[in-house]
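[1] Pasting the sequence and the predicted coordinates here, then a few questions.
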Amino acid sequence: MAFQAGETTLNYINGEWTSSVTGEVDSSINPSNKSEVVGYIQRSSRVDLDHAAAAAKQASTAWRKLSGAARGEYLYKIANALEKRLDEVAETMTREMGKTFPEAKGETARGIAILRYYAGEGMRKVGDVIPSTDSEALMFTTRVPLGVVGVITPWNFPVAIPIWKIAPALIYGNTVILKPASETAVTAAKLMECFHEANLPAGVINMVVGSGSEIGQGIIEHKSINGITFTGSNATGKRIAMGAIARGAKYQLEMGGKNPVIVAADADLDLAVEATISGGLRSTGQKCTATSRVIVQSAVYETFKQKLVERVKQLKVGDGMDPQTWLGPCASESQQQTVLSYVEKGISEGATLLFGGKVPDGTGEGFYVEPAVFDNVKPDMTIAKEEIFGPVLALIKVDTFEEALQTANDSEFGLSASIFTKNIGNMLAFVNDMEAGLVRVNAESAGVELQAPFGGMKQSSSHSREQGQAAIEFFTSIKTVFVKQ
Ligand SMILES: NC(=O)C1=CN([C@@H]2O[C@H](COP(=O)(O)OP(=O)(O)OC[C@H]3O[C@@H](n4cnc5c(N)ncnc54)[C@H](OP(=O)(O)O)[C@@H]3O)[C@@H](O)[C@H]2O)C=CC1
Ligand SMILES: O=C(O)CCC(=O)C(=O)O
């Protein structure tokens, strides 16, 4: 089926496509061309959420009693359904949030791989036998699902992030209510169609579309929802943590980053330039793992800077569906305005704008910003401290490797970090001392592998990890069993 502009998408509750009880819809627009309505989305209320929560709770008993292998079979079916619709889902994503079509296809393929990975997880061990001090007893651990899990997701990875939360939630026996970002709710509906095609038992997966303050907040407060997993801003993450603690629900948060790349004096500069561009500017810088602080040793600073700016000047900004485009628009007008205001702030605090940072000429209908490179950035400037979530690179000059590492760690965030060096001592010091959940040597800061744990230190996460086998820690509770005849 091809992408169709302007269709109305519905909630998915108890195995059925359902209009909100409010009877109201919002439009979701194309950030490359704001006059194109990608689709109409439900403006749901707490009553819709109550229906979804009741369905998820009702479905939970039978779902948890299925074998892991049987639950895995459903995940394989969802993966196959998504594979059949890969182009349609990816095109919807590009039109709805702006990332280029090849990136959207890559993300959708990643979603399929995640589903298949977790399908296999249904056959793997969930516990350990632990020797009891009583020689006649058997003591072991097993794991039980949380029950109903609320999944609150952002717009920057509208397929991969919902899947990397929903797939482990389901395989470990939970039922799910997804509240997707409003910005990308049409793409989420396309994803839900694949779940529907896989014929999951009614109520196992539900989607309620609506605002963060109504449906998101409703999930935080809902007594039937036992766990909440979230990716998004720090402000919303903290609100979720406080709400969940208040009613004893389990929560998991993946939030912002201010990710550094260190370019050491002995780095392969061409490699470092390409990785800085890819890590910092792909998806228009809208990744929590995006490179935003570029910390360069003075010995190679001028050469690196020149090479970087030359390459950034070549990047073509445009509609993500145009094969010539390297960099799509910001996902929304408010993201575009945020990026422009950070550029202004950088200039007013004394950094030098070497290139970009403006709305390109002739792009009035889209939320475009030229990729920006700042020189003379000091670590205490706002553009070196706050997450911008846009195509802005801040160059910071340091003399020594030790100063580079200290500067890299001078952040309230600690999600990902990368280094370019050939010196094994520098590599090991970086691996040991860098305060980040993901450290990458001679590779860009973005690019998470689905089979490995992912999460941040400091204010970047709730100190938990998602993806890979680490996901079991959030989506289950350990039960210690002692058996004696
Ligand atoms: N770590 C990451 O990957 C991401 C980080 N961000 C950061 O956050 C900034 C702002 O982006 P924004 O989209 O506003 O991020 P939000 O944190 O507001 O949105 C993320 C999700 O939370 C929902 N939400 C919003 N308010 C509440 C609430 N009160 N209770 C529960 N859920 C809520 C949103 O719903 P709705 O869409 O309906 O508002 C969305 O589904 C970005 O500029 C970026 O810095 C943003 C996205 C991803
Ligand atoms: O770098 C990646 O692949 C993942 C990024 C991510 O998790 C995010 O932006 O939310």
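    Received, thanks. Ligands and ions are numbered 1, 2, ... in the order given.

[2] Flag every residue of the stretch 351-485 of the chain that's near ligand 2.
    By the criterion of C-beta under 6 Å from any ligand atom, the positions of the stretch 351-485 of the chain lying close to ligand 2 are 446-448. Quick note: C-beta positions are derived from backbone N, CA and C, even for glycine.

[3] Helices of the stretch 301-450 of the chain, residue ranges please.
    333-348, 382-385, 401-409, 424-433 (DSSP state H, counting those that start in this stretch).

[4] What mean pLDDT does the third one get?
    Translated: helix 401-409. In this model, helix 401-409 has a mean pLDDT of 98.

[5] got the buried residues for it?
    401, 404-405, 407-408 (16 or more other C-beta atoms under 10 Å).

[6] Which strands and helices lie in contact with it?
    Under the contact criterion of 3 or more C-beta pairs under 8 Å, 6 or more residues apart in numbering; DSSP states H and E, helix 401-409 touches strand 259-263, strand 291-297, strand 392-398, helix 424-433.

[7] Of the residues of the stretch 351-485 of the chain next to ligand 2, which one scores lowest on pLDDT?
    Comparing these by pLDDT, Gly447 comes last, at 88.

[8] my guess is Asp128 meets Met139, correct?
    No - with contact defined as C-beta atoms under 8 Å, Asp128 does not reach Met139; the gap is 9.5 Å.

[9] Excluding chain neighbours, what is closest to the residue of the stretch 51-200 of the chain found nearest ligand 2?
    Closest to ligand 2 within the stretch 51-200 of the chain is Asn156: 5.1 Å, counting by C-beta to the nearest ligand atom. Distance criterion C-beta to C-beta, 6 or more residues apart in numbering; nearest residue to Asn156, sequence neighbours excluded, is Gln286 at 4.6 Å.

[10] List just the nearest of the buried residues of helix 401-409 to ligand 2.
    For these, the nearest to ligand 2 is Ala408 (17.7 Å; C-beta to the nearest ligand atom).

[11] Verify the stated contact: that closest one with Ala417.
    Yes - if you go by C-beta under 8 Å, Ala408 and Ala417 touch, sitting 5.9 Å apart.

[12] so what sits against both of the two?
    260, 262, 434 (C-beta atoms under 8 Å, 6 or more residues apart in numbering).

[13] can you redo those as JSON lines with pLDDT?
    Shown next, in JSON lines, are those (pLDDT from 0 to 100):
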{"residue": "Pro260", "pLDDT": "98"}
{"residue": "Ile262", "pLDDT": "98"}
{"residue": "Met434", "pLDDT": "98"}
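
[14] Buried subset of these as a PyMOL selection?
    Selection of buried members from the shared contacts of Ala408 and Ala417 for PyMOL, criterion 16+ other C-beta under 10 Å:
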select buried, resi 260+262+434
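
[15] Distance to Ala69 for the shared contacts of Ala408 and Ala417 - can I get that in JSON lines?
    As requested, the shared contacts of Ala408 and Ala417 are arranged in JSON lines below (distance: C-beta to C-beta, whole Å):
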{"residue": "Pro260", "distance to Ala69": "43"}
{"residue": "Ile262", "distance to Ala69": "45"}
{"residue": "Met434", "distance to Ala69": "40"}
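
[16] residues contacting Thr187?
    Applying C-beta under 8 Å, 6+ apart, the residues contacting Thr187 are 89, 92-93, 96-97, 158-159, 180.

[17] Among those, which lie within strands?
    Secondary structure defined by DSSP state E assigns none of those to strands.

[18] Gly468: which of the residues you listed is nearest?
    Taking C-beta to C-beta as the measure, Gly468 sits nearest to Val159 out of those, at 18.4 Å.

[19] Point out the other helices and strands that the helix or strand of the chain with the lowest mean pLDDT packs with.
    Across the helices and strands of the chain, mean pLDDT, DSSP states H and E gives its lowest value to strand 7-8, namely a mean of 96. For strand 7-8, the elements it packs on are strand 33-42, judged by 3+ C-beta pairs under 8 Å, 6+ apart.

[20] Quick one: mean pLDDT over stretch 155-166.
    What stretch 155-166 shows for mean pLDDT is 98.

[21] circling back to that earlier point, how about a markdown table for the buried residues of helix 401-409, with distance to ligand 1 added?
    A markdown table is the format used below for the buried residues of helix 401-409 (distance: C-beta to the nearest ligand atom, whole Å):
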| residue | distance to ligand 1 |
| --- | --- |
| Phe401 | 29 |
| Ala404 | 25 |
| Leu405 | 24 |
| Thr407 | 21 |
| Ala408 | 19 |
